[in-house]
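*Asks:* Have a look; sequence and predicted model below, questions after that.
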Amino acid sequence: MAESASDSGAGTLSAAARLNLRVTIPRFLLFRVGTAGGTIDQIAFAPAAGIVGDSSSVSGTGGDAGGGSGANVAVRSNGGQITITETNDGGVGGLGSGGGISLSEISVSSDNASLDTPILSDTGGGTSSPTLNGGNVTNRTAVWTYAYDNTTTPADGNYDAQIIYTAASP
């Protein structure tokens, strides 16, 4: 039943009634790497034949940022310190079935130190922790830019791996 009040008589009248308000915010975590939605972006590297293995850094194509060599990244949460962990489907061998190109040949940088990227490795497990905005809240965006370091001379062919980034809150 609602609170009510009344006043009567001659002169100025006044009646006050109170109402309580409540907003319930759920604990949440939103994490995106690349194009929004269900798309899994692919950044591809194709060094020219004359520079294979000469340590010339090679930019990629196909990403949704950074001229194709980058991915837009966003993390929002109110659940405390976020940890981002990288794993991959390439196993110990890195890129390609049975290996061939180590994932350490792919360098990744962030344009925002408050949302740094985990370092890629053949075994996975690299982590980073975005800087909290305040309290338990994180609201960060960045562009993660990828490059092929090109320090080895592998056999010809395509070398593929899928990187799985997982954001978790305590």
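*Replies:* Happy to help now that I have it.
*Asks:* now the strands for this protein?
*Replies:* Using DSSP state E, the strands found in the chain span residues 29-33, 58-59, 70-77, 83-88, 106-110, 127-128, 138-148, 163-168.
*Asks:* Check which helices and strands the third one is in contact with.
*Replies:* This points to strand 70-77. Secondary-structure packing of strand 70-77 (3 or more C-beta pairs under 8 Å, 6 or more residues apart in numbering; DSSP states H and E): strand 29-33, strand 138-148. No exception for glycine: its C-beta is placed from N, CA and C like everyone else's.
*Asks:* Residue 51: which of those strands is closest?
*Replies:* strand 138-148 (10.6 Å; C-beta to C-beta).
*Asks:* Adding mean pLDDT, distance to residue 14 and mean neighbour count, write the strands of the chain out as JSON lines.
*Replies:* What follows is those, written out as JSON lines (pLDDT from 0 to 100; distance: least, C-beta to C-beta, whole Å; neighbours: other C-beta atoms under 10 Å):
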{"stretch": "strand 29-33", "mean pLDDT": "98", "distance to residue 14": "48", "mean neighbour count": "16"}
{"stretch": "strand 58-59", "mean pLDDT": "96", "distance to residue 14": "72", "mean neighbour count": "16"}
{"stretch": "strand 70-77", "mean pLDDT": "98", "distance to residue 14": "46", "mean neighbour count": "21"}
{"stretch": "strand 83-88", "mean pLDDT": "96", "distance to residue 14": "56", "mean neighbour count": "18"}
{"stretch": "strand 106-110", "mean pLDDT": "96", "distance to residue 14": "60", "mean neighbour count": "17"}
{"stretch": "strand 127-128", "mean pLDDT": "98", "distance to residue 14": "59", "mean neighbour count": "15"}
{"stretch": "strand 138-148", "mean pLDDT": "98", "distance to residue 14": "44", "mean neighbour count": "20"}
{"stretch": "strand 163-168", "mean pLDDT": "97", "distance to residue 14": "54", "mean neighbour count": "16"}
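*Asks:* Turn those into TSV, columns for distance to residue 154.
*Replies:* Listed next are these as TSV, based on distance: least, C-beta to C-beta, whole Å:
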stretch	distance to residue 154
strand 29-33	26
strand 58-59	13
strand 70-77	24
strand 83-88	17
strand 106-110	13
strand 127-128	28
strand 138-148	11
strand 163-168	19
